[in-house]
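J.: got a structure for you, letters missing:
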């Protein structure tokens with residue numbers, strides 16, 4: 001599902017080039033869940049952006065969900081991301097002028113799906129927001145906004161879900177409910193999950209914990225054995 005080999009990311013700044021990723025190598029199997037931890041500035045979110053095709057690596061191999069991202073142009077990346085990846089951010093990133101239903105339907109509308117709104121309604125019902133379809137983001141609580149973002153991320157049945165500090169703007173109880181829902185949805189769909197978090201206990205709910213520091217992978221711990229495939 002994910003293969004990173006000697007991935008580097010160098011970004012320009014006013015003070016000169018900054019090396020964000022310094023030779024990251026990582027392999028993630030389909031259906032696996034990986035918690036990524038590390039201090040601020042370790043490169044966690046940057047690695048996620050590279051995996052999601054939102055940032056182009058400066059060097060190395062980046063193969064995700066059957067595509068060689070280093071060989072795709074921006075239009076090809078956008079189409080690949082639409083079909084293969086769901087992303088959940090800490091800041092929700094909902095379109096403020098669109099209702100919850102319209103926000104969730106966006107990926108399907110972009111794909112030209114005639115059933116975009118019907119599927120969006122089903123997905124919102126699945127996250128407990130079937131009664132909030134016509135509400136705008138400002139009319140939703142933080143937890144409801146993140147549920148809407150989860151519905152949008154899962155509505156196109158992506159092969160890969162990337163979640164960057166998805167509970168960072170939520171209180172403890174609401175954040176726990178969102179995480180429970182996220183793991184329930186990915187288990188139901190068999191989606192590969194990469195979860196960026198500062199919370200080691202939360203990362204421990206994943207199959208593996210990968211630790212980053214100074215733009216490098218410095219630890220990779222498998223939390224539990226995955227069931228063997230049935231032949």
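T.: Cool, the structure landed. Because the structure is a prediction, the values reported are computed rather than measured.
J.: buried residues in the top helix by length along the chain, which are they?
T.: In the chain, assigned by DSSP state H, the helix with the most residues is helix 172-189. Buried residues in helix 172-189, counted by 16 or more other C-beta atoms under 10 Å: 174, 175, 177, 178, 179, 181, 182, 185, 186. C-beta coordinates here come from the backbone N, C-alpha and C atoms, glycine included.
J.: quick one: the first one and residue 147 touch, right?
T.: So the one you mean is residue 174. No - Residue 174 is not in contact with residue 147 according to C-beta atoms under 8 Å; the separation is 9.6 Å.
J.: and which of the buried residues of helix 172-189 is nearest to residue 107?
T.: For the buried residues of helix 172-189, the residue nearest residue 107 by C-beta to C-beta is residue 185; the value is 15.0 Å.
J.: need the pLDDT of the closest one.
T.: Residue 185 carries a pLDDT score of 91 in this model.
J.: all strands for the chain, in order.
T.: Listed in chain order, the strands of the chain (DSSP state E) span 2-11, 18-28, 33-37, 59-64, 67-68, 85-89, 160-164, 192-196, 208-213, 216-222.
J.: residues in contact with the residue sitting nearest the centre point of the chain?
T.: Centroid check for the chain by C-alpha atoms, centre = their mean gives residue 162 as the closest residue, at 1.2 Å. By C-beta atoms under 8 Å, 6 or more residues apart in numbering, the contact list for residue 162 reads 48, 51, 52, 85, 86, 87, 88, 194, 196.
J.: let's see that with 10 Å instead.
T.: Residue 162 is in contact with 36, 45, 47-49, 51-52, 54, 64, 85-89, 153, 192-196, counting by C-beta atoms under 10 Å, 6 or more residues apart in numbering.
J.: among the residues you listed, which ones are buried?
T.: For those, buried by 16+ other C-beta under 10 Å: 36, 45, 47-49, 51-52, 64, 85-89, 153, 192-196.
J.: tell me where the model's unsure across this protein.
T.: 224-231 (pLDDT under 70).
J.: go again using 90 as the cut-off
T.: Residue ranges of the chain with pLDDT under 90: 11-17, 90-91, 167-175, 188, 198-201, 222-231.
J.: now do the shared contacts for residue 174 and residue 147.
T.: Counting by C-beta under 10 Å, 6+ apart, the contacts common to residue 174 and residue 147 are residue 141.
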